[in-house]
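Novice: based on what follows, work out the 3D shape:
(one chain, ligands or ions: 1)
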Amino acid sequence: MPHLESNPSSPRSLLLTKRPAGRLILALAMVMTLRFASSGVRADNDLVVIDHQGDRVIADFEGPDYGRWTATGDAFGSGPARGALPGQMAVDGFQGKGLVNSFLNGDGSTGTLTSPEFRIERPYIAFLIGGGRIPGKTALRLLVEDSVVREASGTNTQPGGTETLSPEFWDVSDLQGRTARIQIVDQATGGWGHINVDQIVQSDRKPAGPTLNATRAFQVKDRYLLLPIRNGAPKRVVTLLVNGSPVVRNDVELADGAPDWWAPMDVGAFKNGSVTLQVDRLPAGSTALDGIQSSEAYPDAGGLYREPLRGQFHFSPRRGWNNDPNGLVFFNGEYHLFFQHNPYGWGWGNMHWGHAVSRDLVHWEELGDVLAPDPLGPMFSGSAVVDLQNTSGLGSKEHPPLVLIYTAAGDPTVQCLASSTEGRRFTKYSGNPVLRQVTSGNRDPKVFWHAPTQRWVMPLYVETNKVHTIQFFGSPNLKDWTFLSRTDGYYECPDFFELPVAGSEGTRKWVLTAASSEYQVGTFDGTRFTPETPKLPGHRGRGFYAAQTFSDLPASDGRRIQIGWFQTETKGMPFNQSMTVPLELRLAATAEGPRLTWTPVRELEALRKSPRSFGAIQVAPGNPNPLAGVNAELVELRADFEPGANTETIFTIRGARITYHAGTQELAVQGLRAPAPLQNGHQRLIVFCDRTGLEIFASDGLTYIPVPFQPASADQSLAIECLGGTSKFGSLDVFELRSAWPEP
Ligand code: FRU
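Specialist: Just a heads-up that it's a prediction; the model follows:
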């Protein structure tokens, strides 16, 4: 499994085991099925503590150090951890305040932690364990005369997973009377290369549960099995079995009792047959499997898209989590938006490719997931192209295939293809992978057809020797790839495209960008990118990441359209995160050279209702609010104004203050401050306000500020005021917008 490194600039710093709390909120207290030593009894690792139930506590790791245990290497440090370590997901399920956690210094560290000798005096040794399941490398061991007589490990093998410790035990009745030692081993350096252990106890009583590999069979009559989800519950590995063979495994926060929401699992393909769901472990007495329901209808279909925190003109998945847009492509008259989707969780995990289509870039219909995790790993980000000449042989000249190029993020992490000739059902290519691992964690292929050299080109994020690089590969057929060149300094989700430079007849330049949206402008000879600018800042807001642009727009269109992941957290909703509005990218000619501009696509005009035009007006200090009486929940505001010297022109949109400071030519909003230079004395401002965020465009698109923001539902007011002088408005238009979702 790859070790993907954390990205300080990403609010969802990567990865595998290391999602911050905001992204993966893990368990509340887990239901303990074993009765361990009650709190207040400290073993202090001296091997003789007997708790009130007569159990012998071998170690509870509540002390400041490991006592008489000996540590080697750098994974364990000098004493127990107190929960999660820097860069780690929330850790829970341990007892008291301390535990052994070998994530110290990340997954790369290794070592052992060994107890002094003790006598096995009870038939059972119980413990709490979590972390990686890397055979022979992440383990808790029982040693007798230096031989390993028992071994246990965590449960995680894939990116995602859970840092919850679970109760387990060994039956050691055959070893009673022997002298033994416990050893905790971390010899793994990649993803999930750590082990968590707590509360090791000798007991006379056989600990209850957990129930391992419980199953429930279903005769499939309906399209969906509804899985009960409780956000933060311990993650269970839920495997869908058909004819006894595993089809897909997901980590699911299964609810015992009333769920927060229902996650539909589409089993329509197996209608009139039978499927089985298997859960890796459940606490004794759990009713989670019984709670699963069968339903033809999507859960709460009536309330869909009307939820209080549903962005009304920003795409979000019906259920679950989204991150990156993937495979943006125009095919057979439709725009396709694939996306990183966790169908079974509110946080990141179980990476599928979700799928939505639109005929106008504004109204999206979510279909269903097209790529599910498989033995090569979870389905990480990638792109889509229309293979017009059928170079791949995956379609025909008459029916060119739509080809998805994605990362399968197992170990190794590899690049793969899936294709469809009708744009609905996708088949993974039987010859996958098409590009083997370059280095661990390489990912996010963004493929395009390079007409001058008549070949496909794939920029791919690759880390080599701790340098973040974009490596370019070339292929005649999407299946065979050779290395072309590399450009350093970009982290994940590259995009690379050519744009005309506005106003310079015939000049076209290439833009290299990646997840942060920083970019460089330069030339591309079919093999190598030669930058002509330093690295330039991209968006100026927050919560914008991993954007990509559409492939295969009709030549008559000529635009380059981008959609970004908009990190709009929606607590309490059965879905989380969204996408930005589609953005048109251009290269403007500025005194400093060509610079990217972002503007909302014109198609969004279809959402306008009740336009209010205020014409040319002046706003001076103390003037009445020109927008008094204009109320709107969903807002588009457009203003072209000339601010007086050193004025502050303040637009208040549903409680968000957007201030243009003429003195410094900066725009301030929600704690952000961005340069927004006047263009010939004018500031042209566009503001979109949805239930979950603002998108602000200033300086003719040179400044793009996306901001997650949840206005109070009662506040639908708009206002403009000016401080320190007069602002002259050449035009001022406000549009109330309609929802882009279908009417109920
Ligand atoms: C960016 C990213 C990609 C990866 C995907 C996994 O947000 O980390 O690099 O492919 O998300 O979901």
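
Novice: hang on, residue 335 in a strand?
Specialist: Yes. Using DSSP: H, G, I helix; E, B strand; the rest coil, the assignment for residue 335 is a strand.

Novice: wait, it sits on residue 358?
Specialist: Yes. Residue 335 lies in contact with residue 358 (CB atoms under 8 Å); the separation is 4.7 Å. For the C-beta atoms, the positions are set from N, CA and C on the backbone; glycine is no exception.

Novice: who has more neighbours out of the two?
Specialist: A direct count of neighbours by other CB atoms under 10 Å for residue 335 and residue 358 places residue 335 higher, at 23 against 17.

Novice: and the residue of the stretch 401-550 of the chain found nearest the ligand, what element?
Specialist: The stretch 401-550 of the chain approaches the ligand most closely through residue 492 (3.7 Å), counting by CB to the nearest ligand atom. In the assignment (DSSP states H and E), residue 492 maps to no helix and no strand.

Novice: count of neighbours near it?
Specialist: 26.

Novice: contacts only, for residue 210.
Specialist: With contacts defined as CB atoms under 8 Å, 6 or more residues apart in numbering, the neighbours of residue 210 are 33, 166, 167, 168, 281, 282, 283, 284.

Novice: re earlier: now the residue of the stretch 401-550 of the chain closest to the ligand: how far from residue 354?
Specialist: Here residue 492 is placed at a distance of 19 Å from residue 354 (CB to CB, to the nearest Å).

Novice: check residue 363 too.
Specialist: Taking CB to CB, one finds residue 363 at 17 Å from residue 354.

Novice: neighbour-wise, which of those two wins?
Specialist: residue 354 (27 against 17).

Novice: using the three-state scheme, assign the residue lying closest to that one once chain neighbours are set aside.
Specialist: Excluding its sequence neighbours, the residue lying closest to residue 354 (CB to CB, 6 or more residues apart in numbering) is residue 341, at 3.3 Å. Recorded secondary structure, residue 341: strand (three-state DSSP).

Novice: what's the neighbour count on residue 341?
Specialist: So residue 341, with other CB under 10 Å, has 28 neighbours.

Novice: was I right to think it contacts residue 356?
Specialist: No. Residue 341 is beyond contact range of residue 356, at 10.0 Å (criterion: CB under 8 Å).

Novice: pLDDT at the residue of the stretch 51-200 of the chain found nearest the ligand, what is it?
Specialist: Relative to the ligand, the nearest point of the stretch 51-200 of the chain is residue 159 (7.5 Å; CB to the nearest ligand atom). pLDDT, residue 159: 75.

Novice: which strand or helix spans it?
Specialist: Going by DSSP H and E, residue 159 is not in any helix or strand.

Novice: got a list of contacts for stretch 384-392?
Specialist: So stretch 384-392 is contacted by 326-331, 336, 338, 394-397, 400-405, 417, 419, 447-449, 456, 476-479, 551-552 (CB under 8 Å, 6+ apart).

Novice: OK, contacts around the closest residue to residue 97 other than its chain neighbours?
Specialist: Spatially, and ignoring its direct neighbours in sequence, residue 97 is nearest to residue 82 (5.5 Å; CB to CB, 6+ apart). Shown in contact with residue 82 (CB under 8 Å, 6+ apart): 97, 98, 99.

Novice: cool, residue 264 as well?
Specialist: 224, 225, 226, 227, 295, 298, 299, 319, 343.

Novice: per-residue pLDDT, it?
Specialist: 98.

Novice: now it: closest residue in space, sequence neighbours ignored.
Specialist: Per CB to CB, 6+ apart, closest to residue 264 is residue 224, 4.0 Å.

Novice: what parts of the protein come near the ligand?
Specialist: Contact residues (CB under 6 Å from any ligand atom) of the chain with the ligand: 14-15, 323-324, 340, 351, 380-381, 407, 443-444, 492-493, 515, 545-546.

Novice: nearest spatial neighbour of the residue minimising distance to the centre of the chain, skipping sequence neighbours?
Specialist: The chain has residue 323 as the residue nearest its centroid, 4.0 Å off, counting by CA atoms, centre = their mean. Once flanking residues are discounted, residue 323 sits nearest to residue 340: 4.2 Å by CB to CB, 6+ apart.

Novice: what sits against that neighbour?
Specialist: 322, 323, 324, 326, 351, 352, 353, 354, 379, 380, 381, 565.

Novice: what number of residues lie near the last one?
Specialist: In other words, residue 565. Around residue 565 there are 26 residues (other CB under 10 Å).
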